[in-house]
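**Student:** Quick one, fold the following:
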Amino acid sequence: MPNPTDYCARATDAWSDPSNGRSGRQTPENTGTLAGLQRRGGSLSAHPYLFTSEAAWAALDFCVAFYCATLIDIGKRGTVGLMHSVQAGGNVHLPSIAVGLLFGLCITTLSRLSGLHFFHERRGWLAELVRIVQVVAVAGFGLYGASHFWRVQTLTRAVLPEDCIVVCMALFFSRLLWRRHSHVLRQRGVAARNVLVVGVDSIGREVRDHLVSLRFAGYRFKGFVTLGEATDDASQVPGDQVVGDVRSVIQLARSMFADEIIFTRRPATPDVLANVVHQARANGIDLRLVPSLSETLNNRADVQYLGNLPTIVIYQRKHRALSMLAKRAIDMVFASAALLVFSPLMFLITLAIKLQSPGPVLYVSKRVGYKGNVFNCYKFRSMVADAEAMKERVAHLNERKKILFKITKDPRLTAVGAVLRKYSLDELPQLWNVLRGDMSLVGPRPSIGSEVDQYQTAHLRRLDVIPGITGLWQVEARQDPSFESYIELDSKYVNDWSIWLDFKILLRTVSAIITGTGV
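**Tutor:** So this is what the prediction gives:
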């Protein structure tokens, strides 16, 4: 059996290719090197739980109901209502918007109460349609009664049936499309959840096979972990699927970026499970246990199903889905606006680079982002074309310690590149990375592959969030050569993240760019 420490020492070990998910085997091209972390089409979702979170379903329901109700009300008012509102000097769309907001809130609240915001793979489309019809009918008639009670002439008898029918259809088909989208991403290995199975026995093999069979559920089997008990039988599984023992399960989970650990049975020694639970809480790793028959029949509230597999939830982290949705929305809006505003400047920079020195305008490098995902990071080229080949010759000028590499007055810089670096203009193309989802506006800087190869298990904490164009380290200790400071500030950002913290970092970044400190 492989030595567990070999798997914990490197972030890139044992990263299974989604295309090999059926066997769980690792192929030579995806073990021990960053080549194995290459994505297979599409942009990796940094927060796969957003596809099934209550916040995502609530946002979807509200947007659909608000949009449909508002458009229908505007359409029913017609030209007569429009001319009357204009002559009266009022806002023609304000009543319709108010109707849409109220109807959207009613639909969202009732959907939450009826259980429509809980993602159930086992619920059929007919059962969901019935619930949607019930929710829309109650919301429609409730709003109709309220409008008559307060004598607000918005929803009429003619509008109510049309509103209900259109909203029912829109909610139903939008949910079908949302599920289909999430299924496609999961089937392609995007938005997947990595799973370790503790227990190399018949139950463990059944769990592995069941997870692999759930093509649209997004579970990626990463390997078996032995319990060190007589019931373990590693001879029944391929040797490369057994990655270690339970004593190092958390380190293994961190090094493989596992999201969940599933115990096939309770360990004979009680302290084993208790210690794993304690460490899992500290590291944000979900824990499940395959229950015995008696536990399943007791109708326990903590039993959740993975497909048709019942599991007892021992620990499940609380995801800040609404905040993550807001962060992604802010990234999209700000990145789109920035690309539009700075497009003339980016055109001038392109011309300056082409006139200054031969070579490509953009410098494209492989960077390691969220959970070891490798992506193409774009920057304006600020150095001579053969800068990489010259790196060894200038290595003695490195001003950083340990893993990091940075030279303030790098001899490879061009004249244009020096100006771009001073005002951080070379990083403008990374706004495209933000739109793609590879990066965020704020987060730890994306790491170079050679750096990640040298990471210890604790350093992988900074890969638990999407990398950013700017971050806490950039505004707090940009000139600090210490690698420990670099890791400490990035870990602090991961632990203390909030929308408000992102805004503060962005404001400080703008100040640093204006003063030309090269953040």
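**Student:** Below-threshold pLDDT in the stretch 151-300 of the chain: ranges please.
**Tutor:** 151-160, 188-191, 294-300 (pLDDT under 70).
**Student:** which residue ranges form the strands in it?
**Tutor:** Under the criterion DSSP state E, counting those that start in this stretch, the stretch 151-300 of the chain contains strands at 193-198, 219-226, 242-245, 260-263, 286-289.
**Student:** Adding mean neighbour count, write those out as CSV.
**Tutor:** Backbone N, C-alpha and C define where each C-beta goes, glycine included. Output for the strands of the stretch 151-300 of the chain, formatted as CSV (neighbours: other CB atoms under 10 Å):
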stretch, mean neighbour count
strand 193-198, 24
strand 219-226, 25
strand 242-245, 22
strand 260-263, 26
strand 286-289, 21
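**Student:** Dump those into a markdown table; add distance to Leu94 as well.
**Tutor:** Shown next, in a markdown table, are the strands of the stretch 151-300 of the chain (distance: least, CB to CB, whole Å):
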| stretch | distance to Leu94 |
| --- | --- |
| strand 193-198 | 45 |
| strand 219-226 | 48 |
| strand 242-245 | 61 |
| strand 260-263 | 48 |
| strand 286-289 | 46 |
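**Student:** do you know which of the ones you listed lies nearest Gly369?
**Tutor:** Among the strands of the stretch 151-300 of the chain, the nearest to Gly369 by CB to CB is strand 193-198 (15.4 Å).
**Student:** Report all helices and strands that the closest one contacts.
**Tutor:** helix 202-213, strand 219-226, helix 249-255, strand 260-263 (3 or more CB pairs under 8 Å, 6 or more residues apart in numbering; DSSP states H and E).
**Student:** Now do that strand against helix 202-213, angle only.
**Tutor:** Angle, strand 193-198 to helix 202-213, by axes from the mean of the first three to the mean of the last three CA atoms, to 10 degrees: 170 degrees.
**Student:** now the strands for the protein?
**Tutor:** Secondary structure of the chain (DSSP state E): strands located at 193-198, 219-226, 242-245, 260-263, 286-289, 303-306, 309-315, 362-368, 374-380, 440-442, 447-448, 468-470.
**Student:** Distance from the chain centre to the first one, please.
**Tutor:** Right, the one you point to is strand 193-198. Relative to its chain's centre, strand 193-198 lies at 18 Å (CA atoms, centre = their mean, to the nearest Å).
**Student:** That strand pairs with which strands, parallel or anti?
**Tutor:** Strand 193-198 pairs in its sheet with strand 219-226 (parallel), strand 260-263 (parallel), by DSSP bridges.
**Student:** Run through who's touching the first one.
**Tutor:** Translated: strand 219-226. 1, 14, 16, 18, 21, 24, 189, 192-200, 204, 208, 211-212, 232, 234, 237, 241-246, 249, 252, 256, 258, 260-261, 306 (CB atoms under 8 Å, 6 or more residues apart in numbering).
**Student:** By mean pLDDT, point me to the weakest helix or strand of the chain.
**Tutor:** Lowest mean confidence among the helices and strands of the chain (mean pLDDT, DSSP states H and E): helix 4-8, at a mean of 38.
**Student:** For the stretch 301-450 of the chain, just list every one of the helices.
**Tutor:** Assigned by DSSP state H, counting those that start in this stretch, the helices in the stretch 301-450 of the chain fall at 321-356, 415-422, 430-436, 449-452.
**Student:** Out of the ones you listed, which is the most enclosed?
**Tutor:** Among these, helix 430-436 has the highest mean neighbour count (mean count of other CB atoms under 10 Å), at a mean of 20.
**Student:** if we look at that helix, which residues are touching it?
**Tutor:** Residues contacting helix 430-436 (CB under 8 Å, 6+ apart): 43, 331-332, 335-336, 338-339, 342, 375, 377-379, 439-441, 469.
**Student:** ok, now how distant is Gln236 from Asp271?
**Tutor:** Separation of Gln236 from Asp271 (CB to CB, to the nearest Å) stands at 28 Å.
**Student:** Tell me how many other residues surround Val249.
**Tutor:** Number of residues near Val249 (other CB atoms under 10 Å) recorded here: 27.
**Student:** Next one: it from Phe483, what distance?
**Tutor:** Distance from Val249 to Phe483, by CB to CB: 28 Å.
**Student:** Likewise for Val207?
**Tutor:** Taken as CB to CB, the span from Val207 to Phe483 is 39 Å.
**Student:** Leu94 now?
**Tutor:** Using CB to CB, one obtains 57 Å as the distance from Leu94 to Phe483.
**Student:** Could you pull up the residues touching Val138?
**Tutor:** Val138 neighbours (CB under 8 Å, 6+ apart): Leu110.
**Student:** And it, how far from Phe172?
**Tutor:** Using CB to CB, we find Val138 at a distance of 16 Å from Phe172.
**Student:** repeat for Thr109
**Tutor:** Between Thr109 and Phe172 the distance is 19 Å, computed by CB to CB.
**Student:** do Lys422 as well
**Tutor:** Lys422 sits 55 Å away from Phe172, going by CB to CB.
**Student:** for Thr457, same thing?
**Tutor:** 46 Å.
**Student:** again, but for Arg445
**Tutor:** Counting by CB to CB, the gap from Arg445 to Phe172 is 43 Å.
**Student:** Equivalent analysis for Ser491, please.
**Tutor:** Remark: distance between Ser491 and Phe172 (CB to CB) = 44 Å.
**Student:** Also Ala137?
**Tutor:** Distance of Ala137 to Phe172, given as CB to CB: 14 Å.
**Student:** Equivalent analysis for Val237, please.
**Tutor:** For Val237, the distance to Phe172 - CB to CB - is 43 Å.
**Student:** Tell me the buried residues in stretch 99-111?
**Tutor:** Residues Val99, Gly100, Leu102, Phe103, Gly104, Cys106, Ile107, Thr108, Leu110, Ser111 are the ones in stretch 99-111 that count as buried (16 or more other CB atoms under 10 Å).
**Student:** same check, this time on stretch 376-393
**Tutor:** Cys377, Tyr378, Lys379, Phe380, Arg381, Ser382, Met383, Val384, Ala387.
**Student:** Give me the residues contacting it.
**Tutor:** 349-350, 353, 357-367, 410, 412-414, 416-418, 420-421, 425-430, 432-433, 438-439, 446.
**Student:** My guess is Phe485 contacts Ser491. True?
**Tutor:** Actually, residue 485 is Ser rather than Phe. No. With contacts counted by CB atoms under 8 Å, Ser485 stays clear of Ser491, the gap being 10.8 Å.
**Student:** Look at those two and report which has more neighbours.
**Tutor:** Using other CB under 10 Å as the criterion, Ser485 and Ser491 rank with Ser491 on top: 17 against 14.
**Student:** what's that one in contact with, if anything?
**Tutor:** Listed by CB under 8 Å, 6+ apart, the contact set of Ser491 reads Arg461, Arg462.
**Student:** one more time with 6 Å, if that's ok
**Tutor:** Arg461 (CB atoms under 6 Å, 6 or more residues apart in numbering).
**Student:** per-residue pLDDT, it?
**Tutor:** Listed pLDDT for Ser491 reads 87.
**Student:** That one and Arg445, how far apart?
**Tutor:** Ser491 is 13 Å from Arg445, by CB to CB.
**Student:** what's the answer for Ser202, then?
**Tutor:** Taken as CB to CB, the span from Ser202 to Arg445 is 46 Å.
**Student:** got it, and Glu128?
**Tutor:** Counting by CB to CB, the gap from Glu128 to Arg445 is 43 Å.
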